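Trainee: Need the 3D shape of this:
(one chain, ligands or ions: 1)
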Amino acid sequence: MFFAFEGINGCGKSTQVDAIYAQLWELGYQVAKAKEPSTLGDRIRDLLIEKNNISDKTRLLLFEADRAENLDKNIRPALAESKIVLCDRYTASTIAYQRYGNNLDASLIDSLNEIATDNLQPDLMFWIDTPLKVCRKRNEQRDDKSTRHIYDESFLSRVRFGYSQIAKEFPSKMIRIDGNQSVPQVSTRILSAIKSYMIVSKSRNSISDHF
Ligand code: ATM
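Mentor: Now for the predicted structure:
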């Protein structure tokens, strides 16, 4: 199974990936973590920071190249070993950031997402919706080298709007989680959605085994 975690930088998604990873391990599941940008992506990220004048289209292509590589090297092998994969960002990030943030063409992004992933979609996406003010405060307190500093408030509002549109369009795939709660409250909500999803897909599989 494959679950993606989405949201604006500072929303708490990486903390949640770690928390859910630990809790699923404790429950006895085999779990793997993945992240975008990946290790290759970290080099892309350095490039993006060093050359802030890089064009939006080039940036899009770099994110998609990183995605294809991450899928081949990390995600598909883990899924083939029947692990539950928790991925920090996936295709919805590109829709939210490049389509809604940068106003790049929607059909171009859909096509590139499809090419990069061979249409491998997550079972569920968790959009951690944390107020922009809270995200900004958290980001200011961090001292890491990141692309997050190059985005202004209006860009991030468009990104947030993008996530809300994806959630509207795919209500059974993207689950909005109120990020303005404590870390344990957010993880409880996510874990219960994962457990419900597992129960439903297990019963679906056993029904199809009978026919
Ligand atoms: P993290 O800080 O969550 O690792 O994200 C890195 C940046 O990459 C983040 N930018 N900021 N701020 C979001 C951006 N990004 C995209 O713009 N498009 C994508 O497809 C992906 C995967 C990330």
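Trainee: can you pull the contacts of Glu69?
Mentor: 38, 40 (C-beta atoms under 8 Å, 6 or more residues apart in numbering). (C-beta placed from N, C-alpha, C; glycine too.)
Trainee: Could you check which helix or strand contains it?
Mentor: Per DSSP states H and E: Glu69 is located in helix 56-70.
Trainee: Next SSE downstream of that helix?
Mentor: With DSSP H and E, the next secondary element past helix 56-70 is helix 76-80.
Trainee: List of residues touching that next one?
Mentor: 2, 32, 34, 85, 120.
Trainee: and with 10 Å instead?
Mentor: Under the contact criterion C-beta atoms under 10 Å, 6 or more residues apart in numbering, helix 76-80 has outside partners 1-2, 30-34, 70-71, 83-87, 118, 120.
Trainee: now, among these, which is nearest to Ser182?
Mentor: Leu86 (19.8 Å; C-beta to C-beta).
Trainee: helix, strand or coil for the closest one?
Mentor: Look at Leu86: counting by DSSP: H, G, I helix; E, B strand; the rest coil, its state is strand.
Trainee: re earlier: the helix holding Glu69 near the ligand at all?
Mentor: Yes. Helix 56-70 reaches the ligand (C-beta under 6 Å from any ligand atom) through Phe63.
Trainee: tell me the angle that helix makes with strand 84-88.
Mentor: Helix 56-70 runs at 160 degrees relative to strand 84-88, counting by axes from the mean of the first three to the mean of the last three C-alpha atoms, to 10 degrees.
Trainee: buried ones in helix 56-70?
Mentor: For helix 56-70, the neighbour count (16 or more other C-beta atoms under 10 Å) marks 59-60, 62-64, 66-67, 69-70 as buried.
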